[in-house]
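>>> starting from these lines, generate the structure:
(2 chains)
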Amino acid sequence: MSAAAEAHEHHGPPPVHYSSRVSPSVLGMFLFIASEIMLFGAFFTVYFFDRVVNHGVGGHWPPDGFHRPAFVAGVNTLILVTSSFTMHWADTSIKKGNRAGLCAGMTLTFLLGLTFLLTQIIEYHRIGFNTSDTSFAATFFGLTGLHGVHVFVGLTILLVMTIRAFRGHFSPEHHHGIEIGGIYWHFVDVMWIVVYVTVYLL
Amino acid sequence: MRNPFRSEADAFRFVWLTIGYFALIVIGAVISSWLGLAVFLVLTAAGIWLLVRRGEPETPVAQTPAESPAGEYRILVVANETVGGPELLSEIRTRSVGRKAVVLVVCPALNSPLRRWVSDEDEARAAAQARLDQSLASMHESGLDVGGEIGDGDPIQAIEDALRTFRPDELIISTHPVGRSQWLERGVVEKARERFALRVTHVVVDLDA
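I've put the predicted structure just below:
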């Protein structure tokens, strides 16, 4: 074999062809984040428009007769932030070859996420107003519900990752599924912090 | 700008930053609405500044391919449409007289900016591969020890990529004559001479001659 050919010998399938400047994964993630920002941005725009317009009428926000359960949502925020820690623990564990840590981290993350979603559903039942009760109620349920849908999608991804972890999938060299799922879960966490501060606190 | 969600660890760090960002805004807003607004503006401006600053070109990571064996002369050839030109073949043959020359031909896959940006490079790569195959066949017939690969659409980037795995003693850039060569218009040869610590030779191939 010639020296030049030997230097470029390659086993297995041919390498992926893409520009070294814009890789498909980076472009895909940028487009995904851009689409999510536009989606949440539309809901936040409606919320702030409603807030600015109605704040001038009664002088109160939220309008009289509405109470935002900031404490329960605050506890829920702590639960979701904790799930980011356990997710990171799971990712760090598999990178070090610690399968027990991966399984424990994924299970805890899933359970914490499920607790968050169930708490939110219970909160909806007990909150005392519905989507048709003023524009505040509509935007409140719109924003928190949109985030809830993202949590549900994240839980589905986490469930698949957890089952795969228990079935012996992933290794220190190959754990792309954990990385991608983890990125999505942290993104869901970040969006909730924005929603919580905007809708419940400010 | 660097993607803040490039890995799970990056995203986890972003969660922390978000918590700190909003915690300071809330604390400011609790004290005074105007203070909350000021904190928001200052932190947002600082965040944008940091993002822009991190977007500056990073220092390239030095990767040193294996040294070429003694007595071997390694040539990196970068050419696109002129890859099979007689002038180029003649230059390579001249360098292989009396010594063992190892040649790597890189054929940049030229593409439109839009197709390049969306990574739609299949057609460009196929066209470059066809030219490369034809050229390699004729070089093999001449008895040259030659290998080839398709490179990035930007010839400078293609050279840089090739230098990661192949340490040449000389770089040959083949172009059309002045007036017909886009690479010359863009100053590719001058840029290569400025950027790479290599002997750079420019070969003009006139396919219409």
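
>>> which secondary structure elements does the strand or helix carrying residue B:48 contact?
Per DSSP states H and E, residue B:48 falls inside helix B:33-54. Where contact means 3 or more CB pairs under 8 Å, 6 or more residues apart in numbering or on different chains; DSSP states H and E, helix B:33-54 is packed against helix B:8-31. (C-beta placed from N, C-alpha, C; glycine too.)

>>> ok, residue 193 - contacts?
You didn't say which chain, so I picked chain A. A:77, A:81, B:15, B:18-19, B:22 (CB atoms under 8 Å, 6 or more residues apart in numbering or on different chains).

>>> look at chain B instead
Counted by CB under 8 Å, 6+ apart, residue B:193 has contacts residue B:200.

>>> how about the helices in chain B?
Secondary structure of chain B (DSSP state H): helices at B:8-31, B:33-54, B:86-95, B:113-117, B:122-141, B:155-163, B:182-185, B:188-195.

>>> and among those, the most buried is which?
Most buried of the helices of chain B by mean neighbour count (mean count of other CB atoms under 10 Å in any protein chain shown) is helix B:155-163; its value is a mean of 20.

>>> that one versus helix B:188-195: what angle between them?
Interaxial angle, helix B:155-163 versus helix B:188-195 (axes from the mean of the first three to the mean of the last three CA atoms, to 10 degrees): 50 degrees.

>>> could you list the low-pLDDT ranges of the chain?
The chain I'm using is chain A. Residue ranges of chain A with pLDDT under 70: A:1-27, A:29-30, A:55-59.

>>> that's the other chain; I wanted chain B
Using pLDDT under 70, chain B drops low at B:1-5, B:54-69, B:209.

>>> could you list the domains of it?
For chain B, automatic domain parsing gives the domain ranges B:8-54, B:72-204.

>>> any idea which of these gets closest to residue A:49?
With CB to CB as the criterion, residue A:49 lies closest to domain B:8-54 of the domains of chain B, at 18.0 Å.

>>> centre of the chain to that closest one, how far?
Centre-to-centre, domain B:8-54 and its host chain are 36 Å apart (CA atoms, centre = their mean, to the nearest Å).

>>> equivalent analysis for stretch B:115-132, please.
Taking mean C-alpha positions (CA atoms, centre = their mean), stretch B:115-132 and its chain are 15 Å apart.

>>> is it anywhere near chain A?
Yes - Stretch B:115-132 lies within reach of chain A by CB under 8 Å from any CB of the partner chain, at B:116-119, B:121-122, B:125.

>>> tell me which element residue A:111 falls in.
helix A:99-126.

>>> just checking, what packs against that helix?
With contacts taken as 3+ CB pairs under 8 Å, 6+ apart, helix A:99-126 sits against helix A:70-95, helix A:134-166, helix A:176-195.

>>> got a markdown table for these, with distance to residue B:155 too?
Output for the helices and strands packed on helix A:99-126, formatted as a markdown table (distance: least, CB to CB, whole Å):
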| stretch | distance to residue B:155 |
| --- | --- |
| helix A:70-95 | 38 |
| helix A:134-166 | 41 |
| helix A:176-195 | 32 |
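
>>> quick one: which of those is nearest residue A:33?
helix A:176-195 (7.7 Å).
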